[in-house]
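S.K.: What follows is a predicted structure for the sequence shown.
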Amino acid sequence: MKAEAPLRVLYAASEAHPLVKTGGLADVAGALPRALRNLGHDLRLVLPAYPAALERAGALRTAAAFQVDGRPLRLLEGRLPGTRVHLYLVDCPALFRRPGHPYLDAGGRPWPDNAERFCVFARAVAELACDRLGRRWRPQVVHCNDWQTGLVPALLALEPVPPAVVFTVHNLAYQGLFPHATFTALGLPDAWWSYQALEFHGRLSFIKGGLVFAHRVNTVSPTYAREIMTPAAGCGLDGLLRHRAHRVSGILNGIDTGVWNPARDPHLAARFHARRLAPRADNRRALRRRLGLDPDDEAVLAVHVGRLVEQKGADIILDALPRLLALGMQVAVLGSGERALEDALRAAARTRPGRVAVHLGYDEGLAHLMEGGADLFLMPSRFEPCGLNQLYSLRYGAVPVVHRVGGLADTVTDAGPAALAAGEATGFVFDAPEPGALAAAVERAVALKRDPRAWTRLQRAGMRQDHSWRRRAGEYLALYRRALADAGPAR
């Protein structure tokens, strides 16, 4: 059989690790292009030139100077650090060279000109994709991500022979909504002010540009792809998604198995692997010391790492705490988010010192140690497009306890009798995002942990799973080829 030819793909995103990161999109945008490049495909990543990206990108050169909407721009060219991925940064100092968060001002509010910022970025990406910036390179596929790149598929649909376009929804709750006056100010085509294009209940919706105009739409897990076609999870866009259901699919996110490798992780007190789990006890003791927890080797240690927001269920953990602590457990939380949740967690740690520990903010090394030392990882998300922490937990033998939703449902197999007997169980799954349901699942976990052999089998089943980006890259290649077939010949 003749090998399929390498593809030329332009990957457009608003963040990518290690240049700039606010969430899981950055992990995907930093890892998937590298995995595809390692398979021999011509992957080029394009981002806005934020200060952090300019600082961390290494050597850059000016590849083109051009204008968009009367604004002077530069296209900077380099490599994504530590990879062979070709990197482009769209440099517009007035729009992107701002300190701190890429989307929010110092007060935590969206930058008031976000619509203009990401419209200019989208127009620059379209110019690059259509080879109008002198690069002598034209992608066969343009892969866009979330609302910040939502106008790219719409702009490319205006081209006589557009590339195939894939649009990935990482979280449908963030849609890029702006008033009609913004639509007018951006100079977008009048025909786009329609419910069949970018209009959404009287507002401009950036994300609809991707959902309507891309040849293929995908999400970051198969279950989430089904959920967003329902009123409960569709955020008002479920009708459109059902209309395009034949073009909507889900591919699970992967993880960087080089960074997340318990056998080589420099953040751990003791390294381990699936055949040698005993050193996890050393990590557990180190974690207790670091967090000020009692040195109680008999206590089951449960942790949570994530944003302290309603979506992630931090309030569910708080409300379940009395039942969890009644089991003799210890609970540790790492994260930041809503002030009320942060304050409540601080209060819980003050009330139960030695049993509850809270570290507000983010600490990469501590996150790794928590995965390498915890018995349980709590993830009671109300909705979860994919989730990464449960994948890290599976790889590190920290048994996940998750709500059956989105990517959590796709990646964790409940430790029911049949799955345990078959060696397929990897964690504990509950069906309602409620404190009682979480506590009941944890009680099942604590009961199983009393059987060391069964517990070890459960850990090893999770650690054997392959959630590498190399595997996911093959699924994205198949999606790109479907998009090319949808777009038609001559690409």
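M.R.: Looks like it arrived, so ask away.
S.K.: Count the residues that sit near the nearest residue to residue 329 once chain neighbours are set aside.
M.R.: Closest residue to residue 329 apart from its sequence neighbours, by CB to CB, 6 or more residues apart in numbering: residue 300 at 4.8 Å. For glycine as for every other residue, the C-beta is placed from the backbone atoms N, C-alpha and C. Residue 300 has 20 neighbouring residues, counting by other CB atoms under 10 Å.
S.K.: now swap in residue 382 and tell me
M.R.: 16.
S.K.: just residue 50 next, same as before
M.R.: Neighbour count for residue 50, taken as other CB under 10 Å: 23.
S.K.: Was I right to think it contacts residue 99?
M.R.: No: between residue 50 and residue 99 there is no contact, the gap being 9.4 Å when judged by CB atoms under 8 Å.
S.K.: roughly how far apart are residue 65 and residue 74?
M.R.: Separation of residue 65 from residue 74 (CB to CB, to the nearest Å) stands at 5 Å.
S.K.: try residue 33
M.R.: Distance from residue 33 to residue 74, by CB to CB: 22 Å.
S.K.: Equivalent analysis for residue 98, please.
M.R.: Distance, residue 98 to residue 74, by CB to CB: 17 Å.
S.K.: what ranges do the helices span in the stretch 301-450 of the chain?
M.R.: 314-326, 339-351, 364-373, 389-396, 406-411, 417-422, 435-449 (DSSP state H, counting those that start in this stretch).
S.K.: tell me the domain boundaries of the chain?
M.R.: 8-254+470-487, 280-465 (automatic domain parsing).
S.K.: could the ones you listed go into a markdown table alongside mean pLDDT?
M.R.: Formatted as a markdown table, those follow (pLDDT from 0 to 100):
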| stretch | mean pLDDT |
| --- | --- |
| domain 8-254+470-487 | 96 |
| domain 280-465 | 96 |
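S.K.: For my notes, please list the ones you listed in a markdown table and give distance to residue 263 for each entry.
M.R.: Formatted as a markdown table, the domains of the chain follow (distance: least, CB to CB, whole Å):
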| stretch | distance to residue 263 |
| --- | --- |
| domain 8-254+470-487 | 17 |
| domain 280-465 | 10 |
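S.K.: Looking at residue 65 and residue 74, which is more packed in?
M.R.: Neighbours per residue, other CB under 10 Å: of residue 65 and residue 74, the larger number sits with residue 74, 18 against 12.
S.K.: give me the element the more buried one is part of.
M.R.: strand 71-79 (DSSP states H and E).
S.K.: Report the distance from that strand to the chain centre.
M.R.: Relative to the chain's own centre, strand 71-79 is displaced by 26 Å; criterion: CA atoms, centre = their mean, to the nearest Å.
S.K.: now what about that strand, what contacts it?
M.R.: 49, 54, 57-67, 85-92, 94-95, 120, 124, 128, 133, 135 (CB atoms under 8 Å, 6 or more residues apart in numbering).
S.K.: Got a quick ChimeraX command for the buried subset of these?
M.R.: Here is the ChimeraX command that selects the buried residues among the contacts of strand 71-79 (16 or more other CB atoms under 10 Å):
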select :49,54,57,60,63,64,66,85,86,87,88,89,90,91,92,95,120,124,128,133
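S.K.: Among the contacts of strand 71-79, name the ones in helices.
M.R.: 54, 94-95, 120, 124, 128 (DSSP state H).
S.K.: now, the most widely separated pair of the residues you listed?
M.R.: For these, the maximum inter-member distance is 19.6 Å, found between 94 and 128 (CB to CB).
S.K.: which residue ranges form the helices in the stretch 101-250 of the chain?
M.R.: Under DSSP H, counting those that start in this stretch, the stretch 101-250 of the chain gives helices at 114-129, 151-156, 180-185, 206-213, 222-227, 238-243.
S.K.: Would you convert those into CSV that also reports distance to residue 18?
M.R.: Output for the helices of the stretch 101-250 of the chain, formatted as CSV (distance: least, CB to CB, whole Å):
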stretch, distance to residue 18
helix 114-129, 20
helix 151-156, 24
helix 180-185, 32
helix 206-213, 25
helix 222-227, 26
helix 238-243, 33
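S.K.: Between those helices, which one is closest to residue 388.
M.R.: For the helices of the stretch 101-250 of the chain, proximity to residue 388 was assessed by CB to CB; helix 222-227 is nearest, at 13.5 Å.
S.K.: and that closest one, what other elements does it pack with?
M.R.: In terms of contact count using 3 or more CB pairs under 8 Å, 6 or more residues apart in numbering; DSSP states H and E, helix 222-227 is assigned the packing partners strand 248-250, helix 406-411.
S.K.: and that helix, how far from the chain's centre?
M.R.: How far helix 222-227 lies from its chain's middle: 15 Å, per CA atoms, centre = their mean.
S.K.: I appreciate the help and will end here.
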